[in-house]
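>>> curious how this folds, go ahead:
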Amino acid sequence: MKLYIKNMVCNRCIMVVTSELEKLGLILLSVHLGEVEIAHPISDIQKKEIAEHLKLFGFELIDTKNSRTIEKIKTLIIDLVHHKNNQLDTNLSDFIATHMVQDYNALSNLFSEVAHTTIEKYYIHQKIERVKELLVYDELSLSEIAFQLNYSSVAYLSNQFKKVTGYSPTHFKQIKETKRKQIDEL
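Got it, this is the predicted structure:
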């Protein structure tokens, strides 16, 4: 049986969910971003208990097929941008359609309807959040960040950054107190 969990966005989330579900006595077969496979079926009462317990840590169980689809798309994008440095062998629409094994136009329409933003805007916001993170770490130059995140140029990265944040990357770096949005708030 699979459980679909919202707001699992990093390896630390996987560790927390694994630990908490094991504390509840569940036998886990696999745990991935947004998805947990458990060995045995669970009752509705157990499911409610799991949902309440995970909510304490900022996670939510997802029940509807559309919500699961949206979370899978978000997880794909988060993984691509934050863990794979935006290294695509193809364009974003083909990447998503291939991994979801569904028509991109249908996925795009569903995403826009449910998430109230487009896949492309969500993707851009994730990239900008990653740029902010790398700027705050102060280990890479803007050129290195642009290269690492597969931007065509520093100018393109800077223009997109300013359009989304209202600041140039240099200005943002100078005012590090600018709050970053959490991944699950995008």
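>>> now Ile70: which helix or strand?
Per DSSP states H and E, Ile70 falls inside helix 65-78.
>>> may I see the buried residues of that helix?
Taking 16 or more other CB atoms under 10 Å as the neighbour-count basis, helix 65-78 is seen to contain the buried residues 67-78. All C-beta spots, glycine's among them, are computed from the backbone N, C-alpha and C.
>>> out of these, who's nearest Tyr104?
Among the buried residues of helix 65-78, Ile73 lies closest to Tyr104 (CB to CB), at 10.2 Å.
>>> so who does the closest one touch?
96, 100, 107, 111, 119 (CB atoms under 8 Å, 6 or more residues apart in numbering).
>>> now the buried members of these.
Among these, those that count as buried by neighbour count (16+ other CB under 10 Å) are 96, 107, 111, 119.
>>> SS state for the closest residue to Tyr151 other than its chain neighbours?
If you skip the residues right next to it in sequence, Tyr151 has Leu157 as its closest partner in space, 4.2 Å away by CB to CB, 6 or more residues apart in numbering. Under the three-state scheme (DSSP: H, G, I helix; E, B strand; the rest coil), Leu157 adopts helix.
>>> where's Ile38 relative to Thr165, distance?
Here the distance between Ile38 and Thr165 works out to 41 Å (CB to CB, to the nearest Å).
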